[in-house]
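Chemist: One predicted model, sequence on top.
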Amino acid sequence: MDFLYMNSREPAVELDVQKEIVSGDAFFGKAKEYVTGDRETLLYRQEFFRDVLQINELPEFLAALHAKLNEISPLMRGGQGAAGREEKLRDLLYPVVYIELVELICSYLEPIADRLTARSLLALYHMADNEKRSAEYGRIGKYYMKNSARLRSVHSVTVGINLTPMFEPKEAGIVALNSEEFSSGDFWDRVIRMDFAKDDFHCIAPLTVIDKKLGYQDSQRMNNALLKGLDSVLGDGLRHCSRSIEKYPKDALKKFYEWSGSLGFVTEAVKRITELKEKRIPLAFPTVSDRFLFDVDSLYDDSLCRKKDKKDIVPNTVRLEPDVCCYILTGPNSGGKSVFLNSLAAAQYYFQLGMPIPARAASLPICDTVFKISVEEQANADQVGRFERECITLSGVLKKFTPRSLALIDEAFTSTSAEEAVPIAANFIREICRIGGKCLFVTHYHELDGSQPSVRQCGGAVDYLHTESDGERRTYTVLPGSSDPRSDAHNIAKKYGLL
């Protein structure tokens, strides 16, 4: 169990939309592996994120827990090739880290325990609380009181290296233990810190940055050598604990460390939710629709929410009926068609992550695949022409499409003439209707209507939406029905005095 999964992780759902929703947004790329198609997992996550929204202390707790588990990560992974004295020092740290972690969890969650409803948070709290009440915790706590100050007071070491006349290292060792970190001597680092002091804790010539310049094997060798030296200095001065006190916290920490797997994503998701909450964007947890109904009241576009104030964003209410397979969305350029498509894609993404969506209320189905195809993506075709790339992409969509799929298609087949594009698009829509599922097809081809034989064959499985305009002014509102194919051209012509 952790924050996202009650039991073992199930395979992620294929959501081929992360590059499309928000350009350059790393969150969606990282989130892809956590998209779920399991109803119980989704509801389990909604419990967690609902508590996060309602209990103000939780975002700070999750950030602190993430930082703590990251801090102890090297200890939990263990040292490759470590043995003897270097591994002994790690063993001395387990009781200290165990007490600190249990105390951190209890200090945050105990005061708010009566307000917690999420099974994940309650399970974590009870696990920590049971540890704190145990006899083992009391025994280990005595060790912690005796030794933690000495172990936690060392923040850097001074290393001495003797050289041969040819400036080759002859021997090296720890010269001193320091209670403060040394500062980089790099000029630009010092400019950024506005720190130009010169003392014993300013490096005059850095040797290496372990995480950036050394490989894993070299890093482990350096770590083990340092641990061996530190044990020589620290170990003899510490009250060594019995093997039982060493083993118990090590095993207990493994159970807590299992919660770290998804915590990186969780903390980023909480930041995103908090950002929307602070802007007073409404946040809703969609109910699960079993009828393949997409019903959203006042849906805000996710990317606009993070760029603009709430008052500058036009929300849209959308209802895609279960018995309609394809909605054809038309309207003037720059009228909000693509933004509407992106907002629906992001909402489905958030929903299947178990997160709230930026809307007042919603009911959404769980999809097994979601596709979003845009003209911009096809414009980057290589080796084959843009039109052929579109055909390859949309053919791939049809091969994977199921009655539980959602396809969001933005301005397909614009690389060829309307005369050629409209029948091809109509055939694509007919195939979608034959399979089932749901498709929102954005196009500026007004000819893509019931006059097309392929569309006419779909009957009631095809319906229409349009973006509204008030003269030259765009309202960015999506409404039922087809748009007037003449309205945009007439308005532009009037603007320049041609009508």
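Modeler: Okay, I see it.
Chemist: V296 should be in a strand, yeah?
Modeler: Yes: counting by DSSP: H, G, I helix; E, B strand; the rest coil, V296 is part of a strand.
Chemist: And what about the residue of the chain positioned farthest from its centre, helix, strand or coil?
Modeler: Taking C-alpha atoms, centre = their mean, the residue of the chain most remote from its mean C-alpha position is P165, at 54.7 Å. When classified by three-state DSSP, P165 comes out as coil.
Chemist: Could you break this structure into its assigned domains?
Modeler: 39-151+213-278, 281-495 (automatic domain parsing).
Chemist: could you dump those domains to CSV with mean neighbour count, distance to K32 and mean pLDDT?
Modeler: All C-beta spots, glycine's among them, are computed from the backbone N, C-alpha and C. As requested, those are exported to CSV (neighbours: other C-beta atoms under 10 Å; distance: least, C-beta to C-beta, whole Å; pLDDT from 0 to 100):
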stretch, mean neighbour count, distance to K32, mean pLDDT
domain 39-151+213-278, 16, 10, 83
domain 281-495, 18, 9, 85
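Chemist: In CSV: those domains, plus distance to I161.
Modeler: Below are these laid out as CSV (distance: least, C-beta to C-beta, whole Å):
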stretch, distance to I161
domain 39-151+213-278, 12
domain 281-495, 50
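Chemist: Those: which one's closest to K30?
Modeler: Closest of these to K30 is domain 39-151+213-278, at 6.0 Å (criterion: C-beta to C-beta).
Chemist: distance between the closest one and the chain's centre?
Modeler: Put simply, domain 39-151+213-278 sits 22 Å off its chain's centre (C-alpha atoms, centre = their mean, to the nearest Å).
Chemist: for the domains of the chain, which one sits closest to L4?
Modeler: Of the domains of the chain, nearest to L4 by C-beta to C-beta is domain 39-151+213-278, at 4.5 Å.
Chemist: one step back: out of the domains of the chain, which comes closest to F28?
Modeler: Here domain 281-495 is closest among those (C-beta to C-beta), at 6.6 Å.
Chemist: ok, then the element right after the longest helix along the chain?
Modeler: For the chain, the helix with the greatest residue count under DSSP state H is helix 85-109. Later in the chain than helix 85-109, the nearest helix or strand by DSSP states H and E is helix 119-133.
Chemist: What are the contacting residues of that next one?
Modeler: 1-4, 6, 44, 47-48, 51, 58, 101-103, 105-106, 109-110, 113, 116, 137, 252, 255-256, 259 (C-beta atoms under 8 Å, 6 or more residues apart in numbering).
Chemist: Kindly recompute the last result at 6 Å.
Modeler: Helix 119-133 is contacted from outside by M1, F3, F48, D51, V102, I105, C106, L109, A113, L116, Y137, using C-beta atoms under 6 Å, 6 or more residues apart in numbering.
Chemist: Dump the C-alpha coordinates for the helix or strand containing the fourth one into CSV.
Modeler: Spelled out, that is D51. Using DSSP H and E, the element containing D51 is helix 39-54. In CSV, the C-alpha atoms belonging to helix 39-54 read as follows (Å, rounded to 0.1, in the frame of the first residue of the first chain):
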residue,chain,number,x,y,z
ARG,A,39,-12.3,2.0,-10.6
GLU,A,40,-11.3,1.1,-7.0
THR,A,41,-7.8,2.5,-7.4
LEU,A,42,-9.3,5.7,-8.8
LEU,A,43,-11.7,6.1,-5.8
TYR,A,44,-8.9,5.3,-3.4
ARG,A,45,-6.8,8.2,-4.8
GLN,A,46,-9.7,10.6,-4.8
GLU,A,47,-10.0,10.0,-1.0
PHE,A,48,-6.4,11.0,-0.7
PHE,A,49,-6.5,14.2,-2.8
ARG,A,50,-9.8,15.2,-1.2
ASP,A,51,-8.1,15.2,2.2
VAL,A,52,-5.3,17.2,0.7
LEU,A,53,-7.7,19.8,-0.5
GLN,A,54,-9.6,20.0,2.8
